[in-house]
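Asks: Quick one: sequence plus predicted model below, questions after.
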Amino acid sequence: MAYKKIKPYNMTLDELKNLWEEEYCRKVIYTHDSIRVKFYPDMFEHVFYESNNRKAKDKSILSYMRLEKMLWIKDVLMDETALMFQGWNKDKKIYENNRRVSIVKDDYVVVIWIKNKYEAKFITAYEADNSKEKIMNSPIWGNKKDAD
């Protein structure tokens with residue numbers, strides 16, 4: 001996989017948002033195991049902003065570190081060597097096999113919600129700086145796409 005970084009400091013916010021929409025929202029993207037993943041323009045803020053206060057979850061700070069790896073999201077989804085785990089549903093306090101957490105080099109994580117065996121929705125992507133151990137101890141994600 002390419003895992004190419006961009007230089008967000010050299011781009012305006014509008015250019016970054018346009019790149020997001022062009023690379024993700026307007027293209028058809030599949031995982032390595034043929035699940036189409038849908039992306040939406042309004043996800044930009046959720047993915048590329050960080051909270052000044054983790055408890056408040058205010059998403060008030062534009063994260064150049066996250067933006068740098070914007071193009072990694074599709075690379076992770078297409079990387080058949082990515083480690084994959086079941087995602088944690090914090091509201092229900094359980095692991096769910098329809099939430100797939102993929103992790104690759106430098107502890108980069110991409111989370112998708114598997115809608116059915118053909119389609120998924122992108123949830124988020126981030127550097128697993130303080131959650132890597134928890135992710136690595138999650139149940140391994142088996143290919144559950146046949147269980148609609």
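Replies: Happy to help now that I have it. Everything numeric here is computed off the predicted structure, so don't read it as measured data. Numbers count the residues shown, from 1 in each chain.

Asks: Show me the contact partners of the least confident helix or strand in the chain by mean pLDDT.
Replies: Across the helices and strands of the chain, mean confidence by mean pLDDT, DSSP states H and E is lowest for helix 132-136: a mean of 85. If you take CB atoms under 8 Å, 6 or more residues apart in numbering as the criterion, helix 132-136 is touched by 83, 85, 88, 101, 103, 107, 109, 128. No exception for glycine: its C-beta is placed from N, CA and C like everyone else's.

Asks: With respect to K5, which of those residues is nearest?
Replies: Comparing the contacts of helix 132-136 against K5 with CB to CB picks out D107 as the nearest, at 15.0 Å.

Asks: wait, the closest one sits on A128?
Replies: Yes - using CB atoms under 8 Å, D107 is in contact with A128, at 4.4 Å.

Asks: What values do phi and psi take at the closest residue to T31 other than its chain neighbours?
Replies: Take T31 and drop its neighbours on the chain: the residue closest to it by CB to CB, 6 or more residues apart in numbering is L77, 4.7 Å away. Main-chain dihedrals, L77, degrees, to the nearest 10: phi -60, psi -30.

Asks: So L77 sits against R36, correct?
Replies: No - the pair L77 / R36 is not scored as a contact, 10.1 Å apart, by CB under 8 Å.

Asks: who has more neighbours, those two?
Replies: Taking neighbours as other CB atoms under 10 Å, L77 and R36 compare with L77 leading, 23 against 13.

Asks: Look up how far K7 lies from that one.
Replies: As for L77, its distance to K7 is 23 Å (criterion: CB to CB, to the nearest Å).

Asks: what does L62 give?
Replies: 14 Å.

Asks: in the longest strand anywhere in the chain, what's buried?
Replies: With DSSP state E setting the assignment, residue counts place strand 94-104 as the longest strand in the chain. Across strand 94-104, burial judged by 16 or more other CB atoms under 10 Å covers 96, 98-104.

Asks: With respect to K117, which of those is nearest?
Replies: N98 (10.9 Å).

Asks: Could you count how many residues lie near the closest residue to the closest one other than its chain neighbours?
Replies: Distances taken as CB to CB, 6+ apart put I114 closest to N98, at 4.5 Å, once the chain neighbours are dropped. Neighbourhood size, I114 [other CB under 10 Å]: 24.
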